[in-house]
Each structure stands twice: as structure tokens, then as C-alpha cells.
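**Student:** How does the following fold in three dimensions:
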Amino acid sequence: MEVRPLEDGTLIERARAGDAGAYEELVRLHSDIAFRTAYLLTGSAADAEEVAQDGFVNAFRALSGFRPGAPFRPWLLSIVANQARNRRRSAGRRARMELRTLTLARTESGPPSPEDVAEQRSTRQALLGAVEALDEDDRQVVVCRYFLDLSGQETAAALGIAEGTVKSRLSRALVKLRGKYDGGR
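**Tutor:** Numbering: from 1, shown residues only. The predicted model follows:
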């Protein structure tokens, strides 16, 4: 995980002063995590693209309210997460979350067998189904902590909740996942 508080802080100050190039650099630095956040919360690449873009536009408009010295990434992700929640609510649907593995892990003995690939796919689908079956609050915490690899503090900031709430929701969600995933095997 890369941390750039000084670089982000400098870019934010320059963007606040009207330097469009500084904000473009912030967008470049954080666009991947913004898209992944939006994708995991909306379940749709097209929606995620729009949500991430809207999140950056809203963040730009709110830069004057950004607290100097605060980390930019959690603040941005809270805006993106709110955009994603609003999109899901306004669409009136719960899109199924899809995750695709870009590459299959290779073992020292070569590529996995077709049976191993099928078993991995089945296991991944069962786990994703169990995650999707969680209520939205629990799913968001699991997505932020395990799919986006955010810290507890970053998850709290991104979702606009206390860090203790992140811990309790995560604990509750993991219990539910164990029950659903183990029960479905």
C-alpha cells in the first residue's frame, strides 16, 4: 500500500489555488482505487466508471472543505462510496458483484490442471455468493477491508463510520460468511 500524504497535500493545495494539472495528477494517482471501490459497491463496470468520475467531480467541488493534513484517499473513497450507494438506491436494484481474476496463479510445476481451475472457480463463486448475500453494511466493510485492502481507519473514513463500527461489522460479517460459506459446502 502506497502512502503519499505529503505529495497529496501539496497537490491539493495547488489544486485549491487553481492548478488544474495538480488535480489531474490526484485523479491519476487515485483513479484505480476509486474505480475498484465503485466497481465492488455497484457490481457494474459501466456504473463504476460513472461513479468514479462523479466522485472526482464532487471531490473537486468540495476541495475547499478538505481538512489540510488529512489523508486524501479515505476522503475521496468516502465520496465515491456515497456516489455508489446513491446509484444503487436510485437504480432500485441490487447488482450482482462480479470479480474476475486477471491471471491464474501458476504453480512451480506449471499451470493448474482443468480440474484445479474448475475447483478454484467454484470456490470463488461460492465465496462471492456468500459475500453478495450479506446485508449492504456488512458487505461494504468486507469489500473495503479484503477486496480493496484498506486499513480499518481507511475503511472507517471511506464509509463514514467509526473505526470501532468497522471492527464490529467486520466481526459480524465474518461470522455470517463462515455460516453461509461453510453451510453451502
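
**Student:** Would you mind splitting this protein into its domains for me?
**Tutor:** If you go by automatic domain parsing, the domain ranges for the chain are 1-91, 112-185.

**Student:** Rebuild those domains as TSV, extending it with mean pLDDT.
**Tutor:** Converted to TSV, the domains of the chain look like this (pLDDT from 0 to 100):
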stretch	mean pLDDT
domain 1-91	86
domain 112-185	81
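
**Student:** Which of the helices or strands spans the closest residue to F60 other than its chain neighbours?
**Tutor:** Closest residue in space to F60, ignoring its immediate chain neighbours: Y23 at 5.9 Å, by CB to CB, 6 or more residues apart in numbering. Placement of C-beta: from N, CA and C, glycine included. Taking DSSP states H and E as the criterion, Y23 maps to helix 20-42.

**Student:** do A70 as well
**Tutor:** Going by DSSP H and E, A70 is not in any helix or strand.

**Student:** burial measure for it, as a count.
**Tutor:** For A70, the count of nearby residues is 13 (other CB atoms under 10 Å).

**Student:** residue nearest the centroid of this protein?
**Tutor:** T37 (2.6 Å; CA atoms, centre = their mean).

**Student:** List the residues that contact it.
**Tutor:** Under the criterion of CB atoms under 8 Å, 6 or more residues apart in numbering, the neighbours of T37 are A52, L77, V80, A81, A84, V143, C144, L148, A158.

**Student:** can you list these in JSON lines and add neighbour count?
**Tutor:** Listed next are the contacts of T37 as JSON lines, based on neighbours: other CB atoms under 10 Å:
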{"residue": "A52", "neighbour count": "26"}
{"residue": "L77", "neighbour count": "28"}
{"residue": "V80", "neighbour count": "28"}
{"residue": "A81", "neighbour count": "26"}
{"residue": "A84", "neighbour count": "27"}
{"residue": "V143", "neighbour count": "25"}
{"residue": "C144", "neighbour count": "27"}
{"residue": "L148", "neighbour count": "18"}
{"residue": "A158", "neighbour count": "28"}
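
**Student:** Closest to G179 out of these?
**Tutor:** Proximity of the contacts of T37 to G179, judged by CB to CB, is greatest for V143, which lies at 18.8 Å.

**Student:** List the contacts of the closest one.
**Tutor:** T37, L40, L41, M97, V131.

**Student:** From A173, how far off is it?
**Tutor:** 10 Å (CB to CB, to the nearest Å).

**Student:** what does E25 give?
**Tutor:** Distance from E25 to A173, counting by CB to CB: 35 Å.

**Student:** Looking only at neighbour counts, state which of these two leads.
**Tutor:** A count of neighbours by other CB under 10 Å puts A173 above the other of E25 and A173, at 23 against 17.
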